[in-house]
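Q: this one's sequence-less:
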């Protein structure tokens, strides 16, 4: 889902709020990017307004002190938003033949599924750049650990 969002940002210059939050969450909590270094997104948006964009980045990065930490679960979000994988099949032509059983976690496909769906993950479509579940768990643990400190409570 993050790949689709990034392609939309680059080709169309916009994306809806929820999808933007998904991409920012992935960038911050899975890739460990700093919110104030995500200028790439700002340069892509046709309707870029710093007074709106940067506070949203801060909110989605959980650094404002008034919003709870919200780490989007990429796989679960993809399954919920596009249960049958129709949107993914359309937006990611490399995965157009992959069916719902594999589409949300295509990197787990077997050699037989690669042949069946006519796509080889790692060759025809990229493999994971990070372990999504592990990085989400690490980010969740690290961020919530900070919320119990005296400085954060004050």
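A: Everything's here; your move. Since the structure is predicted, the reported quantities are computational estimates derived from the model, not experimental observations.
Q: where are the low-confidence patches of this structure?
A: Across the chain, the ranges flagged by pLDDT under 70 are 65, 67, 144-148, 152-154.
Q: Could you tell me which helix of it is the longest one?
A: Of all segments of type helix in the chain, defined using DSSP state H, the longest is helix 132-147.
Q: Tell me how many other residues surround residue 13.
A: Each residue near residue 13 was counted by other C-beta atoms under 10 Å, and the total is 13. Where you see a C-beta, it was placed from the backbone N, CA and C, and this is true even at glycine.
Q: Give me the buried positions along the longest helix of the chain.
A: Residues of helix 132-147 classed as buried: 132, 135-136, 139, 143 (neighbour count, 16 or more other C-beta atoms under 10 Å).
Q: And the contacts of it?
A: Helix 132-147 is contacted from outside by 28-32, 62, 69, 71, 73-75, 152-153, using C-beta atoms under 8 Å, 6 or more residues apart in numbering.
Q: try 10 Å
A: Helix 132-147 has contacts (C-beta atoms under 10 Å, 6 or more residues apart in numbering) with 2, 25-26, 28-32, 61-63, 65, 68-76, 105, 107, 129-131, 152-153.
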